[in-house]
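Visitor: Next comes the sequence, and after it the predicted model I'd like to discuss.
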Amino acid sequence: MATIVIVEDEPQICALVQSFIEEQGHNVLSAATADEALGILKGPQAVDALFVDIILKGDMEAGIKLAKRAVELKPDLKVLYSTGLTVTEDMKASVVPGSIILEKPYSEDQLLASLSVLRGGSRPSVRD
């Protein structure tokens, strides 16, 4: 069982993603803002992965900045991004190495497969 922090400012999306992940037996901690997520990450709770929307509260790079800070705090943290934007080479170049980007809308299967890959699967990451 992994502990995953979800950072999503859309409450319905957050609740849906949380239910998908919890149904797989994982522990989920959710946050609506980068500051709230950093508070969780700075706490004593062990965290295995961060699932973060790239755009938070209108900031086009908030999720990318948060993930970089999170990996500084927890170097072994795995990162999965989501975005409603088309994934570009510039976007791929700006994310945490070894992370995965999911384009919205994504299916439950795509989400769970991506989390599985982060935890040791064989599909290549977005950025090596």
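Guide: In hand now; what should we look at? Residues are numbered from 1 along each chain as shown.

Visitor: Please, where are all the strands along the protein?
Guide: For the chain, the strands defined by DSSP state E occupy 3-7, 27-31, 49-53, 78-83, 100-103.

Visitor: Next, format those as a markdown table and append distance to L111.
Guide: Using the backbone N, CA and C atoms, a C-beta is placed for each residue, glycine as well. Listed next are the strands of the chain as a markdown table, based on distance: least, Cβ to Cβ, whole Å:
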| stretch | distance to L111 |
| --- | --- |
| strand 3-7 | 11 |
| strand 27-31 | 12 |
| strand 49-53 | 8 |
| strand 78-83 | 8 |
| strand 100-103 | 7 |
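
Visitor: per-residue confidence for the residue nearest to the spatial centre of the chain?
Guide: Geometric centre of the chain, nearest residue: F51, 1.6 Å, by Cα atoms, centre = their mean. Here, the pLDDT recorded for F51 equals 98.

Visitor: That one contacts T3, correct?
Guide: No. Judged on Cβ atoms under 8 Å, F51 makes no contact with T3 at a distance of 11.4 Å.

Visitor: Between the strands of the chain, which one is closest to K65.
Guide: Among the strands of the chain, the nearest to K65 by Cβ to Cβ is strand 49-53 (9.9 Å).

Visitor: Show me what L50 is bridged to.
Guide: With DSSP bridges as the criterion, L50 is bridged to V5, V79.

Visitor: Against V117, how distant is it?
Guide: Going from L50 to V117 by Cβ to Cβ, to the nearest Å gives 15 Å.

Visitor: where exactly do the helices run in the chain?
Guide: Using DSSP state H, the helices of the chain run over 11-23, 34-42, 62-73, 89-94, 108-118.

Visitor: thinking again about what came up before, out of L50 and V117, which sits in the busier spot?
Guide: Regarding L50 and V117, a neighbour count based on other Cβ atoms under 10 Å identifies L50 as having more, with 27 against 16.
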